[in-house]
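Q: I would like to see how this sequence folds:
(chains A and B)
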Amino acid sequence: MKKIIFLFSIVLIVANTNAQDKYFTKTGKISFDATVPKSPENIVAVNKATTMVLDTKTGEMQFVVQMKGFEFERALMQEHFNENYVETTKFPKAEFKGGIQNNEKIVYTKDGSYATHVKGKLTMHGVTNDVETDGKITVSGGKISTSASFSALFADYNIIIPSVVGDKVAKSVKINVECALEALKKN
Amino acid sequence: MFLSFVFISNHLLAQDLLSLLGEEKPQKELVTNAFKSTRVINAHSMEFLSPGTMDFRILHRFGQMNQGYSNFFGLDQASMRMGFDFGIAKSIMFGFGRSTYKKELDAYLKFAPIRQATGYHSFPFTVATVAGVTMNTSPWADPTIKNYTSSRMAYYFQAIIGRKFSEAVTLQLSPTMIHTNLVPIQTQPNDVYAVGFGGRIKFTKRMAFTWDYSYLVNGRYDSLNYNPLSIGIDIETGGHVFQLHFSNSTGMNERAFVTETTNNWGKAEIRFGFNLSRVFQIKKNKML
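A: Numbering: from 1, shown residues only, chains lettered A, B, ... in the order given. Now for the predicted structure:
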């Protein structure tokens, strides 16, 4: 009887510590810049409501972002972004599913800064493409911050930039992801 | 046996991390871009300007096309309205302008108590209300008699009920009441009631076919005035919206185009016109 209880409690403890492996946020920040150099118009937007989940045990990382949540300085630019470019009513979300390739090298329990190599699939405007980039993970006081930058070509995602605005909107976009994650506690 | 149970549960948990966060809270999403502009062609549309923006509008109505080459198909005669519209809040905007026709000033306030929305607390259409005033500032016809400033004024009140049915189709109905303080002929009523019917059919991402019709319930007399009907094309390019259209009305404010359209489509008394709209951001949105 005692043996059964002992083994059972080990299973419970193991199951509980598994929950500490997952970190998440619902207020992650994604910003992008598609400004043409020397153009007076800044094509810049920020989304501060990105949802991201990271499994520190396997390095698996997923994020999802509502396209309507990208805020621009100019309302008209935001309207055109949603209506004409990314067609938000047809494709309301962009999603990334991938993982940190060198996850074993990161010690999540020790404070510090670790370089990461991330690889995965980004789905935007209904098209999925492979994405690979370097990033950084900073562990500090039980909280994990992730940051990564990468470039993407609008054409790869069927986002059409008409030649009329070719001197204002760049063909490629620089995307910056910055999320401060906290532990996901299992109910 | 217990260890294998732990391994299985690990594998199941790694399938979809995002689903661990549970269901997303349903959000209310306002339907936008029912029309490309805040006017269908002449009449107010169910669209609002974003807060902090200003729309500079120049409207031109040319002469009747059936005059032939002598007046270059009407292009030699032009009537113009210049106006500024401002977005105050998501569902509040106001504007003012001046038409060369009768040198008439106009101003209005537009507010929508209900907006069409999807998601949480969805609603199938937008209900907007407009209150406006026009002032004729041309010199008095007879300066020798006693003329009152109130004689220059007219007021209009309108409700707009509109629905964006799909990305391509939007329809709206606008019951309107126009009160003109001084009417030209005694038998004409001071209070005119009309119902506007407007819509758009978008055929490419940036172009749409639009129409704007008002049916006068009272105050219409054959050979004196007619129901205004305008049909046209909207073209959106970057920050500008061009509206090119054909119409039987010259007036560009509610009092003028609803009650004073003296030309008849039936007699091909049609004129070409265009609206040019350019939106500027006055108050930048705070981002970071």
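
Q: In chain A, which residue sits nearest chain B?
A: Minimum separation of chain A from chain B (Cβ to the nearest Cβ) falls at A:A75, amounting to 3.3 Å. From N, CA and C alone the C-beta is placed, and that goes for glycine too.

Q: number of nearby residues for A:V118?
A: If you count neighbours by other Cβ atoms under 10 Å in any protein chain shown, A:V118 ends up with 23.

Q: mean confidence for stretch A:35-52?
A: Rounded to a whole number, the mean pLDDT of stretch A:35-52 is 92.

Q: oh, I was asking about stretch B:113-125
A: What stretch B:113-125 shows for mean pLDDT is 92.

Q: Flag every buried residue along that stretch.
A: B:115-117, B:125 (16 or more other Cβ atoms under 10 Å in any protein chain shown).

Q: Just the helices from chain B, written as ranges.
A: Secondary structure of chain B (DSSP state H): helices at B:2-13, B:254-259.

Q: looking at the ones you listed, which one has the lowest mean pLDDT?
A: Taking the mean pLDDT of those, helix B:2-13 comes last: a mean of 46.

Q: list the contacts for B:F209?
A: Contact partners of B:F209, counting by Cβ atoms under 8 Å, 6 or more residues apart in numbering or on different chains, are B:200-203, B:231-234.

Q: Local confidence estimate at it?
A: Predicted confidence (pLDDT) for B:F209: 97.

Q: What lies in contact with whatever helix or strand A:T123 lives in?
A: Applying DSSP states H and E as the criterion places A:T123 in strand A:112-124. Here strand A:112-124 makes contact (Cβ under 8 Å, 6+ apart) with A:61, A:86, A:91, A:94-103, A:105-107, A:128-139, A:146, A:148, A:152, A:157, A:159.

Q: Burial check on B:D76, number of neighbours?
A: Neighbour count for B:D76, taken as other Cβ under 10 Å: 11.

Q: From B:V258, how far off is the residue nearest to it when sequence neighbours are not counted?
A: Of all residues not flanking B:D76 in the chain, B:G63 sits nearest, at 6.6 Å (Cβ to Cβ, 6 or more residues apart in numbering or on different chains). Taking Cβ to Cβ, to the nearest Å as the measure, B:G63 and B:V258 are separated by 21 Å.

Q: Those two: which is more packed in?
A: For B:G63 versus B:V258, the count of surrounding residues by other Cβ under 10 Å is larger for B:V258: 29 against 18.

Q: ok, the more buried one touching B:L229?
A: No - using Cβ atoms under 8 Å, B:V258 makes no contact with B:L229, being 11.7 Å away.

Q: Mean pLDDT per helix and strand in chain A: which one sits at the bottom?
A: Ranked by mean pLDDT, DSSP states H and E, the helix or strand of chain A with the weakest confidence is helix A:2-19, at a mean of 60.

Q: show me the contacts for the nearest residue to B:N275 once chain neighbours are set aside.
A: Excluding the flanking residues, the one nearest B:N275 by Cβ to Cβ, 6+ apart is B:Q243, at 3.9 Å. Contact analysis of B:Q243 by Cβ under 8 Å, 6+ apart lists B:37, B:39, B:41, B:210, B:232-235, B:274-277.

Q: Alpha carbons only: can I get stretch B:114-131 in CSV?
A: Extracted as CSV, the C-alpha positions of stretch B:114-131 are listed here (Å, rounded to 0.1, in the frame of the first residue of the first chain):
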residue,chain,number,x,y,z
ILE,B,114,-25.3,51.8,-33.2
ARG,B,115,-22.5,50.4,-35.4
GLN,B,116,-22.6,47.2,-37.4
ALA,B,117,-20.4,44.7,-35.6
THR,B,118,-19.4,41.1,-35.7
GLY,B,119,-18.2,38.8,-32.9
TYR,B,120,-19.3,39.4,-29.3
HIS,B,121,-22.4,41.7,-29.1
SER,B,122,-22.8,41.7,-32.9
PHE,B,123,-25.4,43.9,-34.7
PRO,B,124,-26.5,43.6,-38.3
PHE,B,125,-26.5,47.2,-39.3
THR,B,126,-25.3,50.7,-38.5
VAL,B,127,-27.7,53.4,-37.4
ALA,B,128,-26.3,56.9,-37.8
THR,B,129,-27.9,60.3,-37.4
VAL,B,130,-27.0,63.5,-39.1
ALA,B,131,-28.1,67.0,-38.2
